[in-house]
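**Student:** What follows is a predicted structure for the sequence shown.
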Amino acid sequence: MKHKLDKIREQSSEELIRRITEVNESLFRLKFKKALGDIDTVKTIRRERKELARLKTILRGRMLGIER
């Protein structure tokens, strides 16, 4: 987990914004799959939502001057 956060923190703000967009699109597609009855997507949705929260938290910290 710590390694993953370090990798995210090393990215620039523009890269974080691009990754947030990618995760949002991925979640959109996964929600459709779930609606169609694909049971395996629940775990992936949970993982993507957590990643999205991590990305947004780090980006918000940078905006407030808390993160480097």
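**Tutor:** Arrived safely, thanks for sending.
**Student:** From here on, just use CA atoms for contacts and neighbour counts.
**Tutor:** Will do.
**Student:** So, low pLDDT: which residues of this structure?
**Tutor:** In the predicted model, the chain carries pLDDT under 70 at residues 1.
**Student:** if you set the cut-off to 80 instead, what comes out?
**Tutor:** Low-confidence regions of the chain, defined here as pLDDT under 80, cover residues 1-2, 67-68.
**Student:** Give me the most central residue, it.
**Tutor:** Within the chain, the residue whose C-alpha comes closest to the C-alpha centroid is L52; the distance, by CA atoms, centre = their mean, is 2.3 Å.
**Student:** Would you confirm that it contacts E25?
**Tutor:** No: under the criterion of CA atoms under 8 Å, L52 is not in contact with E25, lying 11.1 Å apart.
**Student:** and the residue nearest to the centre of the chain, what does it touch?
**Tutor:** Remark: with contacts taken as CA atoms under 8 Å, 6 or more residues apart in numbering, L52 is in contact with I20, V23, N24.
**Student:** Just the ones in helices from the residues you listed, please.
**Tutor:** If you go by DSSP state H, these have I20, V23, N24 in helices.
**Student:** measure the last one to K7 for me?
**Tutor:** Applying CA to CA, to the nearest Å, the value for N24 to K7 is 19 Å.
**Student:** the more surrounded of those two?
**Tutor:** N24 (15 against 9; other CA atoms under 10 Å).
**Student:** For the more buried one, which non-adjacent residue is closest in space?
**Tutor:** L52 (7.7 Å; CA to CA, 6 or more residues apart in numbering).
**Student:** Reduced to three states, what does the one you found come out as?
**Tutor:** helix (DSSP: H, G, I helix; E, B strand; the rest coil).
**Student:** Can you show me the CA trace of stretch 20-35 as CSV?
**Tutor:** Output in CSV follows, covering the C-alpha atoms of stretch 20-35 (Å, rounded to 0.1, in the frame of the first residue of the first chain):
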residue,chain,number,x,y,z
ILE,A,20,-8.9,10.6,-12.2
THR,A,21,-10.7,10.9,-15.6
GLU,A,22,-9.6,7.4,-16.5
VAL,A,23,-10.9,5.9,-13.3
ASN,A,24,-14.2,7.8,-13.6
GLU,A,25,-14.7,6.4,-17.1
SER,A,26,-13.8,2.9,-15.9
LEU,A,27,-16.3,3.2,-13.0
PHE,A,28,-19.0,4.2,-15.5
ARG,A,29,-18.4,1.1,-17.7
LEU,A,30,-18.2,-1.1,-14.6
LYS,A,31,-21.5,0.1,-13.3
PHE,A,32,-23.1,-0.8,-16.7
LYS,A,33,-21.6,-4.3,-16.4
LYS,A,34,-23.0,-4.6,-12.9
ALA,A,35,-26.4,-3.6,-14.1
